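K.L.:
Sharing a model that was predicted from the sequence below.
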Amino acid sequence: MVRTDPLWKGLSERHQWEKYLFKNRTPEVPPNSYYHSLYPKIIQDIETIEANWRCGRHNLQRIQCRSENSKGVYCLQYDDDKIISGLRDNSIKIWDKQSLECLKILTGHTGSVLCLQYDERVIVTGSSDSTVRVWEVTTGEVLNTLIHHNEAVLHLRFANGLMVTCSKDRSIAVWDMASPTDISLRRVLVGHRAAVNVVDFDDKYIVSASGDRTIKVWSTSTCEFVRTLNGHKRGIACLQYRDRLVVSGSSDNTIRLWDIECGACLRVLEGHEELVRCIRFDNKRIVSGAYDGKIKVWDLQAALDPRAPASTLCLRTLVFDEFQIISSSHDDTILIWDFLNVSTNGQSEGRSPSRTYTYISR
């Protein structure tokens, strides 16, 4: 359980318990009394996190990006050590997660940085200048520039030697990544009738969503078209795909849950009053951010139960994990919502009876 459950695993890594919980990790063996005190602490932290999520208790930190010209944070990703953000002013800024200080500024794009993803080696960014750039994480050196799309690169994903990019030019590009400097175009996927706003993929399927109101599914291995998911009334701005579940957000103000294997819409979530701009989910909850200025948290398991009425979907409170939500905004700020380390003195500042928090400036 500790190895597979993200909450247990995350807590063990944060508190450095894994060397005592996993075999063959270290020859150091603590006394039995250590374990008697360790497991109650794990349970207590889990209960604290769950209670804070339910009640909306959190510590809130703010990063001011201080862009010189145009303001706005369009994309971000984070880990335990750093936050990497893509800005409207054409730059990428890397922040220390603890001190919130700016460690490095990467420049080179001639348009806004609209999307990014990084791993332990590289940062890959897409821009309104129509290019994709690959940067070395530690030095910030540009390793590669991919010139293919005819208009802005709106989203990208890479994993296991494969990268998928999508563009305002209505196309999807599938790339083979032998190394950061050896990236070749495998296939161009066409079929959408408007800008392709977001892509996601795994070993079986590539999933794309567009302003044409549709989600399209493609075979990862052959790049052949599989099916179209229809249902949204307006363009689709965001989605996430994992296992056989796709969760999408649209400018029709709704969130839809789909079974990718049969194309069925499993549930429609209503509650946002404007375009749903970002969406993430894990095994328990869906977190959505919209232009109505709100972050909402939904109960995923209830949403997947066809017998559960809408009132039981537990709307509670965008990259997020079990411990935090980190959100970006057009007002040039990054907000960090911490649900684990909640100070008793500051709880009232981070609570709202509606459990819905404003974070997006129009």
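P.N.:
Here it is on my side, so go on. Bear in mind that the values here come from a model prediction, so they are computed numbers and not experimental data.
K.L.:
for the protein, what are the low-confidence residue spans?
P.N.:
Counting by pLDDT under 70, the chain contains low-confidence ranges at 1-42, 53-56, 58, 65-71, 311-325, 327-332, 337, 339, 343-362.
K.L.:
need the helices for it, in chain order.
P.N.:
Secondary structure of the chain (DSSP state H): helices located at 6-14, 18-21, 32-55, 300-303.
K.L.:
From residue 305, how far off is the nearest residue in space to residue 192 that is not next to it in sequence?
P.N.:
Counting by Cβ to Cβ, 6 or more residues apart in numbering, the nearest residue to residue 192 once its immediate chain neighbours are dropped is residue 210, at 4.0 Å. C-betas here are computed from N, CA, C, even on glycine. From residue 210 over to residue 305 the distance is 30 Å, taken as Cβ to Cβ, to the nearest Å.
K.L.:
Compare those two (neighbour count), which wins?
P.N.:
residue 210 (24 against 14; other Cβ atoms under 10 Å).
K.L.:
I'd say that one and residue 190 touch.
P.N.:
No: with contact defined as Cβ atoms under 8 Å, residue 210 does not count as touching residue 190 (11.3 Å).
K.L.:
what touches both of those two?
P.N.:
residue 170 (Cβ atoms under 8 Å, 6 or more residues apart in numbering).
K.L.:
about what we covered before: so how far is residue 168 from the residue nearest to residue 192?
P.N.:
Relative to residue 168, residue 210 is positioned 10 Å away (Cβ to Cβ).
K.L.:
Ok, residue 240 next?
P.N.:
Distance of residue 240 to residue 168, computed by Cβ to Cβ: 21 Å.
K.L.:
Test my guess that residue 141 contacts residue 133.
P.N.:
No: between residue 141 and residue 133 there is no contact under Cβ under 8 Å: 10.8 Å.
K.L.:
more neighbours, the two?
P.N.:
residue 133 (23 against 11).
K.L.:
Run through the residues that contact that one.
P.N.:
Residues near residue 133 by Cβ under 8 Å, 6+ apart: 108, 109, 124, 125, 127, 142, 144, 145, 146.
K.L.:
at 7 Å instead, please
P.N.:
Contact analysis of residue 133 by Cβ atoms under 7 Å, 6 or more residues apart in numbering lists 108, 109, 125, 142, 145.
K.L.:
And for residue 169?
P.N.:
149, 150, 151.
K.L.:
go on, residue 277?
P.N.:
Shown in contact with residue 277 (Cβ under 7 Å, 6+ apart): 237, 238, 249, 289, 290, 291.
K.L.:
The first one: neighbouring residues, count only.
P.N.:
Counted by other Cβ under 10 Å, the residues lying close to residue 237 total 23.
K.L.:
Please apply the same query to the fourth one.
P.N.:
Counted by other Cβ under 10 Å, the residues lying close to residue 289 total 26.
K.L.:
So what's the residue count around the residue lying closest to it once chain neighbours are set aside?
P.N.:
Leaving aside its sequence neighbours, residue 289 sits nearest to residue 278 (Cβ to Cβ, 6+ apart; 4.4 Å). Residue 278 sits with 21 neighbouring residues when counted by other Cβ under 10 Å.
K.L.:
any idea how far residue 278 lies from residue 295?
P.N.:
To residue 295, residue 278 is 9 Å away according to Cβ to Cβ.
K.L.:
so how far is residue 166 from residue 235?
P.N.:
Using Cβ to Cβ, we find residue 235 at a distance of 13 Å from residue 166.
K.L.:
and what of residue 238?
P.N.:
Per Cβ to Cβ, residue 238 is found 12 Å from residue 166.
K.L.:
And those two? Which one has more around it.
P.N.:
The residue with more neighbours, out of residue 238 and residue 166, is residue 166; 28 against 24, by other Cβ under 10 Å.
K.L.:
contacting residues around the more buried one?
P.N.:
Applying Cβ under 7 Å, 6+ apart to residue 166 gives the contacts 154, 155, 172, 196, 198, 199, 208.
K.L.:
Highest neighbour count among those residues?
P.N.:
With neighbours set by other Cβ under 10 Å, the maximum within the contacts of residue 166 is found at residue 196, which has 28 neighbours.
K.L.:
roughly how far apart are the nearest residue to that one once chain neighbours are set aside and residue 201?
P.N.:
Once flanking residues are discounted, residue 196 sits nearest to residue 166: 3.7 Å by Cβ to Cβ, 6+ apart. Taking Cβ to Cβ as the measure, residue 166 falls 11 Å from residue 201.
K.L.:
and if you look at residue 293?
P.N.:
Residue 293 is 31 Å from residue 201, where distance means Cβ to Cβ.
K.L.:
Same question for residue 81.
P.N.:
On the measure of Cβ to Cβ, residue 81 and residue 201 end up 27 Å apart.
K.L.:
The two: which is more packed in?
P.N.:
Taking other Cβ under 10 Å, residue 81 and residue 201 do not tie; residue 201 has more neighbours (21 against 10).
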